[in-house]
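Asks: Just to be clear, the model below is a prediction. Sequence and coordinates:
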Amino acid sequence: NQYHQILHDDNNPTPPHFNHSLLLFPPKGKQHDDNDNTYIRLPKDTRPISLSNTDNKIASSLRDYAASSVASHTVSHHQACLKQRQLADNILDIEAKALTCALANSALAGIIAYDISAAFPSLSRVYLFFVLCAMGFPHHYIRAIQRLYHDNLHYIYLNNQVGPSLIFTSGVKQGCPLSM
């Protein structure tokens, strides 16, 4: 009942700090000069993760549960981010299709691979909500997700200290159940 009120009652604002997160930057992989407590990386060599509070995670998980049941019927099995699906599977499928096409048509075939390494922070939320609407998600469901991104502060956490906050106006939170 509390989560329903937080996500669906436009007359009441979300509780203070409900959408605030710690933003951590764990490294991608190990390097020879790493030790247990210290590593130095360029931003592209980290994996920014948003650590939301427990109530926010539960609310996001409730929304994710509903979306997952729809996604299993509407999202192609070739797309990543579904359970038991890896991005490498997509690359192998595309390569096989390109080879089949080239052999069958005796024509040149090619593959264009776009870099999606920054997919989480670059996704337009306006576009996301447009797609959800076009897919037939109810307005109250979309509004609930919008409320999860209202007052979306991320406090930078480095060297075991909480630093200044940033407000993100695009992208989805990596580490959030709903983002996958």
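Replies: That came through fine.
Asks: what about residue 169, how many neighbours?
Replies: When neighbours are defined as other C-beta atoms under 10 Å, residue 169 has 10 of them. All C-beta spots, glycine's among them, are computed from the backbone N, C-alpha and C.
Asks: Tell me where the model's unsure across this protein.
Replies: Applying pLDDT under 70 to the chain picks out residues 1-4, 7-8, 37, 65, 70-91, 106-120, 175, 177, 180.
Asks: What segments of it are helices?
Replies: Along the chain, counting by DSSP state H, helices occupy 2-8, 54-74, 87-105, 119-122, 125-134, 139-148.
Asks: Between those helices, which one is closest to residue 160.
Replies: The closest of those to residue 160 is helix 54-74. By C-beta to C-beta, the value is 20.9 Å.
Asks: before we move on, the earlier item: for the helices of the chain, could you give me TSV that also reports mean neighbour count and distance to residue 31?
Replies: Converted to TSV, the helices of the chain look like this (neighbours: other C-beta atoms under 10 Å; distance: least, C-beta to C-beta, whole Å):
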stretch	mean neighbour count	distance to residue 31
helix 2-8	15	42
helix 54-74	15	31
helix 87-105	12	23
helix 119-122	14	23
helix 125-134	13	34
helix 139-148	17	35
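Asks: So residue 30 versus residue 36, what's the distance?
Replies: Distance, residue 30 to residue 36, using C-beta to C-beta, to the nearest Å: 11 Å.
Asks: go on, residue 94?
Replies: 40 Å.
Asks: And for residue 99?
Replies: 46 Å.
Asks: if we can go back for a sec, look at residue 30 and residue 36 and report which has more neighbours.
Replies: Using other C-beta under 10 Å as the criterion, residue 30 and residue 36 rank with residue 30 on top: 8 against 5.
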